[in-house]
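Participant: Fold the following.
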Amino acid sequence: MTRYVSVLMATMLLAFVPAAGATSIDFVIPGGVSDFGTADNLVSAAAMFFEPLFGSGLDVGSTIGNGTPSNDGVGVNCRDCELSFQTGGLFAVDAATASYGPGRVFGVTGHVDLNGNNLVDAGEPNGPLLVGQFAADTTVINKVLLGDVGFFSVSTIIESINPFLTGFYGMPVTAYTGEMTLNFTNANPLPAGFLFFSDAVQASIVVNSVVPVPGTLFLFGAGLLAAIGIWRRELSSPTSRSS
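Facilitator: Numbering: from 1, shown residues only. Prediction:
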């Protein structure tokens, strides 16, 4: 019985030990200004409650592995890659922040040119690269109050990533959680009826890590089954029956 308790407690401790370092596949947004008359690099939101924050055609310049099992630190050119999103509706606003609800859509499309030949080759990530939705509130912070110009938003996304891209970085095909930090400069003056309107997106990033819950539960469950096996063997041993 003592061995059973020891194995179970050790398994519980291992299951909840955090990872030694962050491992992620990152989408890098270099920043830029929209082409005249287009919706590229555009971030906007109407100045009304329940209206969402939109992002349209935000240029994604590259992907990079951060602590990944394969190609760690390798950045790859992303050809014609664009990020578009729509948050949930506006539910709170003051001079410092605006808060948007979860839900709605988030996605990156384009071609990750793994071999650098500017062609779409078999086995290269092409088309939808990331598909997800906002899993928590999006907070847009007024950076003017922090001594800077512009705004930035911080969001959490639950998503799936193109399997060719996860394979390149040696990452599993599973659910991912994304953290988007999006910097942009608000128009001055704003167009009538807008809370945010920007066609000047600054350097930004989307960091994507594996959702840890399934692995944690698997480890805990495997340890629990092992502990139960030891307990059963002890109960069936001659020493246990004689006592």
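
Participant: Identify the residue nearest the residue nearest the centre of the chain in space, chain neighbours excluded?
Facilitator: In the chain, the residue lying closest to the centroid (Cα atoms, centre = their mean) is residue 178, at 0.9 Å. Spatially, and ignoring its direct neighbours in sequence, residue 178 is nearest to residue 157 (3.9 Å; Cβ to Cβ, 6 or more residues apart in numbering). Any C-beta I mention is one placed from the backbone N, CA and C, and that applies to glycine too.

Participant: List the beta-bridge partners for the one you found.
Facilitator: For residue 157, the beta-bridge partners are residue 134, residue 178 (DSSP bridges).

Participant: circling back to that earlier point, the residue nearest to the centre of the chain and residue 84, how far apart?
Facilitator: Residue 178 is 14 Å from residue 84, where distance means Cβ to Cβ, to the nearest Å.

Participant: tell me the SS of residue 54?
Facilitator: strand (DSSP: H, G, I helix; E, B strand; the rest coil).

Participant: and it, how many neighbours does it have?
Facilitator: 17 (other Cβ atoms under 10 Å).

Participant: For the spatially closest residue to residue 175 that is not a sequence neighbour, grab phi and psi.
Facilitator: Using Cβ to Cβ, 6+ apart and skipping the chain neighbours, the partner closest in space to residue 175 is residue 211 (4.5 Å). In terms of degrees, to the nearest 10, the main-chain angles of residue 211 are phi -60, psi 120.

Participant: Which pLDDT does the model give residue 211?
Facilitator: We have a pLDDT of 85 for residue 211.

Participant: Quick check: the gap between it and residue 173.
Facilitator: 12 Å.

Participant: which strand is the longest one in this structure?
Facilitator: With secondary structure taken from DSSP state E, the chain has its longest strand at strand 75-93.

Participant: so what strands line up beside that strand?
Facilitator: So strand 75-93, judged by DSSP bridges, has these partners: strand 52-66 (antiparallel), strand 97-100 (antiparallel), strand 103-112 (antiparallel).

Participant: helix, strand or coil for residue 164?
Facilitator: Going by three-state DSSP: residue 164 is helix.

Participant: Mind pulling up the pLDDT for the residue nearest to it when sequence neighbours are not counted?
Facilitator: Of all residues not flanking residue 164 in the chain, residue 125 sits nearest, at 4.3 Å (Cβ to Cβ, 6+ apart). Here the pLDDT value assigned to residue 125 is 98.

Participant: if I pick the residue lying closest to residue 79 once chain neighbours are set aside, what's in contact with it?
Facilitator: The shortest distance from residue 79 to any non-neighbouring residue, by Cβ to Cβ, 6+ apart, is to residue 111 (4.4 Å). Taking Cβ atoms under 8 Å, 6 or more residues apart in numbering, we find residue 111 in contact with 78, 79, 80, 81, 120, 124, 125, 126, 127.
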